[in-house]
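Q: sequence plus the predicted model coming up.
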Amino acid sequence: MADTGTDSDSTPIQFENTVESTRPYDGRIFSVRVDTVELPSGRRTIREVAEHSDAVCMIPVDDDGNVLLVRQYRKPTESSLLEAPAGGVEAGEVSEETVLRELQEEVGYTAANLRHLASFWVAPGWATERMHAYLATGLTPSKLSADDDENIQVVRVPFADAVAMIHTGEIHDGKTIAALLLAQPLLN
């Protein structure tokens, strides 16, 4: 059951009661659920939900103050994006294990120190994906085989330059922007 939360007037926000739920698509990365819900007013409407596992992203910073980012082509945007390394949390795995695995797969390092920065919903209006952001330091080389469906280029950028790239529009991936800005006060 979802958290009711409150609005700015401290009035409890009411639940949407699910009347019917179907799953028209089950994919490898996500599934689609279509819920018919009843609003507090009694009116019924449809909610389309992309179901996705939790995920992690990390800001790996080397001893010289460089952040290791990845450049990869993203089909939905039809462009190559500069991003924080990231990946999905597998069944039975805790997010710290995912961080270390993804660091090894995507940038060829492991980290002696992990610091949880925040957890946040990626797109709460239509997706269940919750992202856990970490700062990774004390990096040492440690390579795992990359996923066979990924084409990733590692890009080493001075941390301050990476933050500046948010403002110039060179970095426009939401998780990367959030994680860099969350890590910034810890690295200054």
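A: Okay, I see it.
Q: and the residue nearest the centre of the chain, bridged to which residues?
A: The chain has Met131 as the residue nearest its centroid, 3.8 Å off, counting by CA atoms, centre = their mean. Taking DSSP bridges, one obtains Ala55, Phe120 as the residues bridged to Met131.
Q: likewise Glu20?
A: Beta bridges link Glu20 to Thr36, judged by DSSP bridges.
Q: quick one: it and Asp35 touch, right?
A: Yes. The pair Glu20 / Asp35 is scored as a contact, 7.2 Å apart, by CB atoms under 8 Å. For every residue, glycine as well, the C-beta is placed using N, CA and C.
Q: these two: who's more crowded?
A: More neighbours surround Asp35 than the other of Glu20 and Asp35, with 16 against 10 (other CB atoms under 10 Å).
Q: let me see the contact set for the more buried one.
A: Neighbouring residues of Asp35 by CB atoms under 8 Å, 6 or more residues apart in numbering: 18-21, 46-47, 49.
Q: give me that answer again for 6 Å
A: With contact set as CB atoms under 6 Å, 6 or more residues apart in numbering, Asp35 has these partners: 18, 21, 47.
Q: kindly report the same for Gly138.
A: Gly138 makes contact with 111-113, according to CB under 6 Å, 6+ apart.
Q: what's the closest of those to Leu180?
A: Ala111 (16.5 Å; CB to CB).
Q: quickly list what that closest one is bridged to.
A: In this entry, Ala111 is beta-bridged to Leu139, by DSSP bridges.
Q: do the same with the one 4 residues further on
A: According to DSSP bridges, the residues that bridge with Arg115 are Leu135.
Q: that one reaches Leu135, doesn't it?
A: Yes. Arg115 lies in contact with Leu135 (CB atoms under 6 Å); the separation is 4.4 Å.
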